[in-house]
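> Dropping a prediction and its sequence here:
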Amino acid sequence: MPAVLRIPLIAALSLVSLAALGAFGGYLGGAPLGRAALRVTLGGAMAMAVTALIGRILGVSLG
């Protein structure tokens, strides 16, 4: 796979996995599945964005 697509694909698959796990957690806890999935997905997306920002500020490069 081209290096240019690797990080976005990993991020997308991670967010899909977080959504599935959030929905599963909502199911187990009796909460609405959509809200639970959205909450976990948004939290994960924010964490990835902060991590990427810190990496960019510190000059850390992957790939």
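Looks like it arrived, so ask away.
> Near A23, how many residues? Count them for me, please.
For A23, the neighbour count with other CB atoms under 10 Å is 20. In short, each C-beta sits where N, CA and C put it, glycine included.
> can you check the one 3 residues further on too?
Neighbourhood size, G26 [other CB under 10 Å]: 19.
> My read is that it contacts T41, right?
No: the pair G26 / T41 is not scored as a contact, 11.6 Å apart, by CB atoms under 8 Å.
> any idea how far I7 is from the residue lying closest to G34 once chain neighbours are set aside?
Excluding its sequence neighbours, the residue lying closest to G34 (CB to CB, 6 or more residues apart in numbering) is A23, at 7.6 Å. Distance, A23 to I7, by CB to CB, to the nearest Å: 25 Å.
> now T41
18 Å.
> What of I54?
Where I7 is concerned, I54 sits at a distance of 15 Å (CB to CB).
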